[in-house]
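S.K.: Requesting a structural model of the entry that follows:
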Amino acid sequence: GMAHSGLTPFVTTFAAFMLRGIEQIRLAVAYSRNNVKLIASHPGLDVGPDGASAQCFEDFACMRSMPGMIVLSPCDSLEVAAATKFLARYQGPAYMRTGRSPCPNVYDSEPFFELGKGRVMHEGSDITIIACGVTTHRAIKAAERLKASHGIGVRVINMPSIKPIDKEIIFNSMWQCKAIITCEDHNIYGGLGSAVAEVLAENPGCPLFRMGINDTIGCSGEPDE
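M.R.: Residues are numbered from 1 along each chain as shown. Prediction:
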């Protein structure tokens, strides 16, 4: 109703609770092409001690399947700010994940947010790690450790736009590196890994390994554990 009245509603709750409204999201937002922004906090293992009932590993899969719905997962507070400003200008249904646990900033200043674009955060030509959300800063740390301890050059790509996804940056890594690893706080089915796999399936060129929740239920514990 607010969207039909010319307003731009931003709706926010835990990712797990957002899925309670999936039928309304399907019909009142996606089907109706309403200008509604769904902002989900507390996703995935990042919820930590709240345990399996609150750890949402399925939201990307659900929202990616909604026609016309864009899906975003910024990597830090600066990119969240940039993506929020973008969503205020963007006309159409949108879903964005934020976080729960303390997360270091990957960027030094607020970046320019561009829909459908990823960004190389660490250079390397042996392996590419494509990450999103809270896994991005961990991927950068892993790349630094692999370079220092084993001399392995790891390219890290921050992919805040899950749908649409940056095919060009995936193609570049496919031809320039030996393998691609996706890393996400989500089930390996239906999320970032699946989105990258879809690109590679249509344009085969290198091995892909998907790192994420392997079709299991979560358990209580601190996010870092």
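
S.K.: Just the CA coordinates for the longest helix along the chain, please, in PDB.
M.R.: In the chain, ranked by residue count with DSSP state H as the criterion, the top helix is helix 135-150. Written as PDB, here are the backbone C-alpha positions of helix 135-150 (Å, rounded to 0.1, in the frame of the first residue of the first chain):
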ATOM      1  CA  THR A 135      32.800 -13.900   4.500                       C
ATOM      2  CA  THR A 136      34.700 -11.200   2.400                       C
ATOM      3  CA  HIS A 137      37.000 -10.000   5.200                       C
ATOM      4  CA  ARG A 138      37.700 -13.600   6.100                       C
ATOM      5  CA  ALA A 139      38.600 -14.400   2.500                       C
ATOM      6  CA  ILE A 140      41.100 -11.500   2.400                       C
ATOM      7  CA  LYS A 141      42.700 -12.800   5.600                       C
ATOM      8  CA  ALA A 142      42.900 -16.300   4.000                       C
ATOM      9  CA  ALA A 143      44.500 -14.900   0.900                       C
ATOM     10  CA  GLU A 144      47.100 -13.000   2.900                       C
ATOM     11  CA  ARG A 145      48.000 -16.200   4.900                       C
ATOM     12  CA  LEU A 146      48.200 -18.400   1.800                       C
ATOM     13  CA  LYS A 147      50.600 -15.900   0.200                       C
ATOM     14  CA  ALA A 148      52.800 -15.600   3.200                       C
ATOM     15  CA  SER A 149      52.900 -19.300   4.100                       C
ATOM     16  CA  HIS A 150      52.700 -21.100   0.800                       C
END
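
S.K.: quick one: strands adjacent to the helix or strand that that helix is followed by?
M.R.: Past helix 135-150, further along toward the C-terminus, the next helix or strand under DSSP states H and E is strand 154-158. When sheet partners are counted by DSSP bridges, strand 154-158 sits next to strand 119-122 (antiparallel), strand 127-131 (parallel).

S.K.: Give me the most central residue, this protein.
M.R.: By C-alpha atoms, centre = their mean, the mean C-alpha position of the chain lies nearest to Ser73, the distance being 3.6 Å.

S.K.: hmm, back to that, counting contacts, what elements does the longest helix of the chain pack onto?
M.R.: Helices and strands in packing contact with helix 135-150 are listed as strand 119-122, strand 127-131, strand 154-158, strand 179-187; criterion 3 or more C-beta pairs under 8 Å, 6 or more residues apart in numbering; DSSP states H and E. For the C-beta atoms, the positions are set from N, CA and C on the backbone; glycine is no exception.

S.K.: What is the distance between the third one and the centre of its chain?
M.R.: Okay, so that is strand 154-158. From the chain centre to the centre of strand 154-158 is a distance of 14 Å (C-alpha atoms, centre = their mean, to the nearest Å).

S.K.: The residue nearest to the centre of the chain reaches Pro160, doesn't it?
M.R.: Yes - under the criterion of C-beta atoms under 8 Å, Ser73 makes contact with Pro160 at 5.8 Å.

S.K.: Which neighbours do those two have in common?
M.R.: Any residue near both Ser73 and Pro160 by C-beta atoms under 8 Å, 6 or more residues apart in numbering counts here, and that gives Cys132.
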